[in-house]
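1. Give me the fold of what follows.
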Amino acid sequence: MEVENGQQRRVPAFDFSRNNDVHQKEHENCCEIQMKSKMQNNSVAPSALVIMATSMPLPSYFSAFEEDIHLYQINFNIACIIGALFGAYAIRQTSKNLIHIVTSILTIVSGIVFCASPNYFMSMVLFRYLQGLAFGVATVTILTTASEVAQTKYRGIIASLEPFSIATGYFTYSIIASSLVDDGSLLDSICGYLIILYGAIALLTIIISVESPLYLLSQNKEEDALLAIQKLQKEETLTKDVFKQYYEIKDLIADDKTRTFKKNLQEGIVPFIKITVIRCLNSLTFNFLVMSTSSGFETYMQAIYGSGRWISVLLTTFFMIESVGRRKLLASSCIMSTVNLLVIVLVNSGIDSYIWIPIVFLQFFNGFGQVSTAVYMGEAFSVSVKPLYIFLILLLENLVEIIIAATCYDIFNTLYYASLFILFACSIPFSLYMFPETAGLPLKESRWKFLNWITKF
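-> Residues are numbered from 1 along each chain as shown. Coordinates of the predicted model:
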């Protein structure tokens, strides 16, 4: 029994009968670790699939006028802001699986609209709005939930699924586009059916998706929260690791309640500014319009750029985010992005035919920073204000992309990349001394590390 607010609540007894040495061997077993990580991935899989489906930049420029591409992108960004606002409100008010159902249905409907009338302007506007809504809701959901369902040692991997899904969606589109360069209508049809397929799979994966233990505890459902953690860790009984995560989440909620909402907002300002600066910088380099114009609308070049980002995010997500650490990856991203931007400026002033090489490396190293900031977004804020700050970061990111989309193609020249070079050069000391290392730390300790402006490297 435990006492909370003067009331006794029953918590299932811990099973001490199992041999501790056996448990230790099980946790050290590689296959066991992979199974547990996979189960925690499944908890956010519906959102990851929705993001993957809505990250494909459709309709393609084969079937749209040049000026329409800008408009479609702006429609998507506006809808994304609206969706993120809804997601930030809903994530603390209702079940995560209910939100998954809404985003999956939005994705399926958007795919049906696209396949039904891909050559009608208003249909494409509706399509992009539906996609933006689904993307915005799913992004807030996955960034908020990932840090809550994952064990400390897997938190970076689970949270990294957001940038990984975006990179996978764009990479999938670019590969299909480069294969069907002479048949834009077939390209749009295949991508439309793929969107429906992703949405349908997302809807089915809700069956194996586990509810957030933090949400269950906030609803005073202690036993359900314990069982959810047990499923997430893929344990047969309530083990020490299950109870460890259970009490960490309870401690997180209790710590949040010791401060007023206003105080939590104030403490979130510092990490909000830090993360927003890097995320907006990254938006200036990985954007469909930037990628397409810098490649001269050559689909095979977009596939090469997309592969650079996808490989980077793949390696960072599954092999480096926990072992190397967030801050080292972010710092290396800023340093190498600066170097590649300088090369782009120098090459662009001379031999244009070689500019694709530094752009590929720019996408590769820039992916490190995008993964790191995605993880930071789930770690830096208190429970009560986390969805709000994630929404505000996404709001500013999308405003940057709207500005890009509303600007003519002529800006993507030497002056544009020279400006990016200056901005990224300034971000090097910013990433070295203002971001903490949070790998391996409980969420509460991770948040504490963000309270100060300067962090020792």
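2. what's around residue 247, how many residues?
-> Counted with other C-beta atoms under 10 Å, residues neighbouring residue 247 total 12. (C-beta placed from N, C-alpha, C; glycine too.)
3. Kindly provide the distance from it to residue 264.
-> 21 Å (C-beta to C-beta, to the nearest Å).
4. Residue 125: what's it in contact with?
-> For residue 125, the contact set (C-beta atoms under 8 Å, 6 or more residues apart in numbering) comprises 71, 72, 75.
5. neighbour-wise, which of these leads?
-> In those, the most neighbours by other C-beta under 10 Å go to residue 72, 25 neighbours.
6. Quick check: it touching residue 124?
-> Yes. The criterion here is C-beta atoms under 8 Å, and residue 72 meets it with residue 124 at 6.1 Å.
7. Which parts of the stretch 51-200 of the chain are helices?
-> With DSSP state H, counting those that start in this stretch as the criterion, the stretch 51-200 of the chain has helices at 66-90, 96-116, 121-149, 155-159, 161-179, 184-205.
8. To residue 391, which of those helices lies closest?
-> Ranking the helices of the stretch 51-200 of the chain by proximity to residue 391 (C-beta to C-beta) places helix 66-90 first, at 3.9 Å.
9. buried residues in that closest one?
-> Residues 69-81, 83-88, 90 are the ones in helix 66-90 that count as buried (16 or more other C-beta atoms under 10 Å).
10. quick one: low-confidence ranges for this protein?
-> 1-42, 59-67, 181-184, 287-299, 349-353, 408-413, 456-457 (pLDDT under 70).
11. domains of it?
-> Each structural domain of the chain that the record assigns through automatic domain parsing is listed here as a residue range: 43-209+259-449, 212-258.
12. With distance to residue 455 added, can I get these in TSV?
-> TSV is the format used below for the domains of the chain (distance: least, C-beta to C-beta, whole Å):
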stretch	distance to residue 455
domain 43-209+259-449	4
domain 212-258	21
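13. Most tightly packed of these?
-> Mean neighbours per residue, mean count of other C-beta atoms under 10 Å, is largest over the domains of the chain for domain 43-209+259-449, with a mean of 21.
14. Endpoints of that domain, how far apart?
-> One end of domain 43-209+259-449 to the other measures 27 Å (C-alpha to C-alpha, to the nearest Å).
15. At which residues are the helices of the stretch 251-400 of the chain located?
-> Chain-ordered helices for the stretch 251-400 of the chain, with DSSP H, counting those that start in this stretch as the definition, fall at 261-283, 288-294, 299-315, 326-348, 356-379, 386-405.
16. So which of these is nearest residue 239?
-> Nearest to residue 239, of all the helices of the stretch 251-400 of the chain, is helix 356-379, at 24.4 Å by C-beta to C-beta.
17. Next, give phi and psi for residue 448.
-> Taking degrees, to the nearest 10, you get phi -60, psi -40 for the backbone angles of residue 448.
18. Having no further points to raise, I will conclude here.
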